[in-house]
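Peer 1: quick check, what structure comes out for this input:
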Amino acid sequence: MPILRTVRGFMPQFGPDVFLAETAVVIGDVIAGAQCSVWYNAVVRGDVNAIRIGDRVNIQDGAVLHSTYEKCGLTIGNDVSIGHNAIVHGCTVHEKVLIGMGAIVMDQAVIGAGSVIAAGAVVLQNTVVEPGSLMAGVPAKRIGVVSKDLSEGEIERIARNYILYAGWFKEG
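Peer 2: Numbering: from 1, shown residues only. Okay, here's the model as predicted:
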């Protein structure tokens, strides 16, 4: 059974058809849309500020979503994949974004729609990533643009697949 906890009077809220793994932790001021999934050992901690998550967002194993008290909340758009062990903190992530495994996105960064943050990349505080950017490195730099093939073959495919995977777990 996932850990769902009220903090400061806020209980997490979810849209329809959501999958929460048994070891997922979602607490406080968190609102997630339809067909989202929060996987094993992922933590979505809305204790110090609001976290708003769109539809069809997958938060993969070991990822941490958090924000900064009295400074910045966290907003995630629709069709976003947050890779295994990624940290997404106090920022804005627009729709159709892939945040790779182990990536870090810091406070007040803005990730434009259709972008890819490569595995292991570190997007520093206040960075504004243009829509359709391919970002990699530490600190993350724009190394290219997201092609149609990359968008369809990775961003959109992964978002769709995680809805499929969640269905497998709901069946059993």
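
Peer 1: from now on I want contacts and neighbour counts done on CA atoms only, so please keep to that.
Peer 2: Will do.

Peer 1: so how far is stretch 159-172 from its chain's centroid?
Peer 2: 17 Å (CA atoms, centre = their mean, to the nearest Å).

Peer 1: the longest strand seen in the chain pairs with which strands?
Peer 2: Criterion DSSP state E: the longest strand present in the chain is strand 43-53. If you go by DSSP bridges, strand 43-53 pairs up with strand 25-32 (parallel), strand 64-66 (parallel), strand 74-76 (parallel).

Peer 1: which SSE is immediately downstream of the longest one?
Peer 2: If you walk from strand 25-32 toward the C-terminus, the next helix or strand you reach (DSSP states H and E) is strand 37-38.

Peer 1: what is that next one packed up against?
Peer 2: Judged by 3 or more CA pairs under 8 Å, 6 or more residues apart in numbering; DSSP states H and E, strand 37-38 is in contact with strand 19-20, strand 58-59, helix 157-171.

Peer 1: dump those into TSV; add distance to Arg142 and mean pLDDT as well.
Peer 2: Listed next are the helices and strands packed on strand 37-38 as TSV, based on distance: least, CA to CA, whole Å; pLDDT from 0 to 100:
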stretch	distance to Arg142	mean pLDDT
strand 19-20	33	98
strand 58-59	24	98
helix 157-171	22	94
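
Peer 1: can you pull out the low-pLDDT segments for the chain?
Peer 2: Along the chain, the model assigns pLDDT under 70 to residues 172.

Peer 1: for the residue positioned nearest the centre of it, give its distance to Glu70.
Peer 2: Note on the chain: the residue nearest the mean C-alpha position is Ile82, at 4.1 Å, using CA atoms, centre = their mean. According to CA to CA, to the nearest Å, Ile82 and Glu70 sit 24 Å apart.

Peer 1: ok so, going back, closest one to Asn126 among the helices and strands packed on strand 37-38?
Peer 2: strand 58-59 (22.5 Å; CA to CA).

Peer 1: on that earlier part again, now the strands paired with strand 43-53 in TSV, with distance to Glu154?
Peer 2: Formatted as TSV, the strands paired with strand 43-53 follow (distance: least, CA to CA, whole Å):
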stretch	distance to Glu154
strand 25-32	22
strand 64-66	21
strand 74-76	18
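
Peer 1: out of the ones you listed, which is closest to Pro139?
Peer 2: Pro139 lies closest to strand 64-66 among the strands paired with strand 43-53, at 19.2 Å (CA to CA).
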